[in-house]
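Asks: Take this sequence and fold it.
(one chain, ligands or ions: 1)
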Amino acid sequence: MIPARFAANLDWLYTEHAYLDRPAAARADGFAAVELQQPHLHDPAALKAALAGLTVQLINAPAGDWASGERGFAALPGQEATFRETTLRGLDLALRLGAKRVHLLSGLADDTPEHRDTWLHNLRWAAEQSPLPLTVEPINRRDMPGYFLHTQAQALALIDALASPRVQLQLDLYHCRVTEGVSLSHLSRALDLGVLGHVQVAGVQERHEPGGDEFRDELALLDARGWPGGVGLEYRPRADTTAGLAWLNPAAR
Ligand SMILES: O=C(O)C(=O)CO
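Replies: Next up is the predicted model:
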């Protein structure tokens, strides 16, 4: 059995299976939890049935037309109606699937006062609507050029300005390492501030499985602090998903 804190990201793992077969594959490998990046592309009733028995730690709200480059709307002036519509769709689906939290993407925009104001205005509205915790995630600009929310300091400042316990930090240790060079100190700070909503992990070199003891200290810190949240496995398996799970075995770390 895989420790309950680890969630298989079903848009990145088990891609050797059809989407609706991936929950069963995760269950068979011993996962108790999953996270979903683009669940809105699938039939909600069929998805709910396929997910039976699994905890859905996180889903993303729809972020627009991914193929044409859209990456969410929170920081985009003039797109407030789209932000609201996609947020409500994400929340509706999260409630149907019993998901614990919803990730709202920020969009591609420079970090300017206008974009920050738009982001704050939109997130304030979302926090008021939402019965569920919402997360926001700094994403590195090597992988997602031009993404608005990209540093930990920027995310912490915005979350602080919102002052709503509904809006939490999604700390992807991979994005954090790529952007900041280190991740343990950022994780520790987020825990100290009480803003950590969700963690994700991937090997820093090529976004495959983490290697060796790559995040041993970070995972040990979460355990030591008794943090109750989930850690999503959001990486591109080198080959077979199941064989690649060997890194999760503490004896192998
Ligand atoms: O690309 C990522 O890291 C994301 O989590 C987008 O949802």
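
Asks: For the protein, what lies in contact range of the ligand?
Replies: 37, 60, 137, 139, 172, 234 (C-beta under 6 Å from any ligand atom). Bear in mind the C-beta positions are built from the backbone N, C-alpha and C, glycine included.

Asks: Phi, psi for the fifth one please.
Replies: Main-chain dihedrals, Asp172, degrees, to the nearest 10: phi -90, psi 110.

Asks: Could you verify my assumption that it touches Ile139?
Replies: Yes - under the criterion of C-beta atoms under 8 Å, Asp172 makes contact with Ile139 at 7.2 Å.

Asks: hang on, the earlier thing: return the member of the residues of the chain next to the ligand nearest to Trp227.
Replies: Comparing the residues of the chain next to the ligand against Trp227 with C-beta to C-beta places Asp172 closest, at 15.5 Å.

Asks: Not counting its neighbours along the chain, what's nearest that closest one?
Replies: Counting by C-beta to C-beta, 6 or more residues apart in numbering, Asp172 lies nearest to Gln200, which is 3.9 Å off, once chain neighbours are set aside.

Asks: Look at the one you found and tell me its secondary structure.
Replies: Secondary structure state of Gln200, per DSSP: H, G, I helix; E, B strand; the rest coil, is strand.

Asks: Contact partners for it?
Replies: By C-beta atoms under 8 Å, 6 or more residues apart in numbering, the contact list for Gln200 reads 9, 35, 137, 170-175, 231-234.

Asks: As JSON lines, the residues you listed with secondary structure and neighbour count would be great.
Replies: Formatted as JSON lines, these follow (DSSP: H, G, I helix; E, B strand; the rest coil; neighbours: other C-beta atoms under 10 Å):
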{"residue": "Asn9", "secondary structure": "strand", "neighbour count": "22"}
{"residue": "Glu35", "secondary structure": "strand", "neighbour count": "29"}
{"residue": "Glu137", "secondary structure": "coil", "neighbour count": "24"}
{"residue": "Gln170", "secondary structure": "strand", "neighbour count": "26"}
{"residue": "Leu171", "secondary structure": "strand", "neighbour count": "28"}
{"residue": "Asp172", "secondary structure": "strand", "neighbour count": "22"}
{"residue": "Leu173", "secondary structure": "helix", "neighbour count": "23"}
{"residue": "Tyr174", "secondary structure": "helix", "neighbour count": "23"}
{"residue": "His175", "secondary structure": "helix", "neighbour count": "29"}
{"residue": "Val231", "secondary structure": "strand", "neighbour count": "23"}
{"residue": "Gly232", "secondary structure": "strand", "neighbour count": "28"}
{"residue": "Leu233", "secondary structure": "strand", "neighbour count": "28"}
{"residue": "Glu234", "secondary structure": "coil", "neighbour count": "22"}
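
Asks: Columns pLDDT on top of those, output as TSV?
Replies: Supplementary listing: these in TSV, determined by pLDDT from 0 to 100:
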residue	pLDDT
Asn9	98
Glu35	98
Glu137	98
Gln170	98
Leu171	98
Asp172	98
Leu173	98
Tyr174	98
His175	98
Val231	98
Gly232	98
Leu233	98
Glu234	98
